[in-house]
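Engineer: Generate coordinates for the sequence data below:
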Amino acid sequence: MCIDERIARAKELIAKRESIATELAAFFAGASTPKKRIKVNPPEKPTSTSGAAATGATAAVFPSEISPAHAGEKPDTARLKTCSDQYHANAATNSNGGPKRNVYVIECKKRLKG
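Structural biologist: Reported below is the predicted structural model:
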């Protein structure tokens, strides 16, 4: 890149910076709004029924203790495998209450940990 090209590029960047500074100053002074506006979606209106009730799912079923099949493993691993097994058992009967696997396992591990 030759010197002339660098000078031209520097002038472009300076002009752009000055334009942005002017626009921001006008915005914060309340004179006008910026040219670009961000579109914000309105919040969703709550429905009369919850998501689990609408799909026919029941409340989530959590294990009360670590499964004997995983009792010999490290505590964290045993909780993870017990919760995962319970999630898959619940999936067969639609008893997970709506949350995805990761959310279910996190909540289940909290309950098992105490």
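
Engineer: Outline the domain layout of the protein.
Structural biologist: With domains defined by automatic domain parsing, the chain comprises 1-35, 53-113.

Engineer: quick one, helices of the protein?
Structural biologist: For the chain, the helices defined by DSSP state H occupy 3-29, 51-55, 75-93, 101-113.

Engineer: circling back to that earlier point, out of the domains of the chain, which comes closest to residue 44?
Structural biologist: Set against residue 44 and scored by CB to CB, the domains of the chain come closest in domain 53-113, at 13.6 Å. Backbone N, C-alpha and C define where each C-beta goes, glycine included.

Engineer: Spatially central residue in the protein, please.
Structural biologist: When CA atoms, centre = their mean is applied to the chain, the residue found nearest the centroid is residue 103 (11.2 Å).

Engineer: That residue and residue 75, how far apart?
Structural biologist: As judged by CB to CB, to the nearest Å, residue 103 and residue 75 stand 21 Å apart.

Engineer: cool, residue 86 as well?
Structural biologist: Residue 86 is 16 Å from residue 75, by CB to CB.

Engineer: which one of the two has more residues nearby?
Structural biologist: Relative neighbour count places residue 86 above the other of residue 86 and residue 75, with 21 against 12, counting by other CB atoms under 10 Å.
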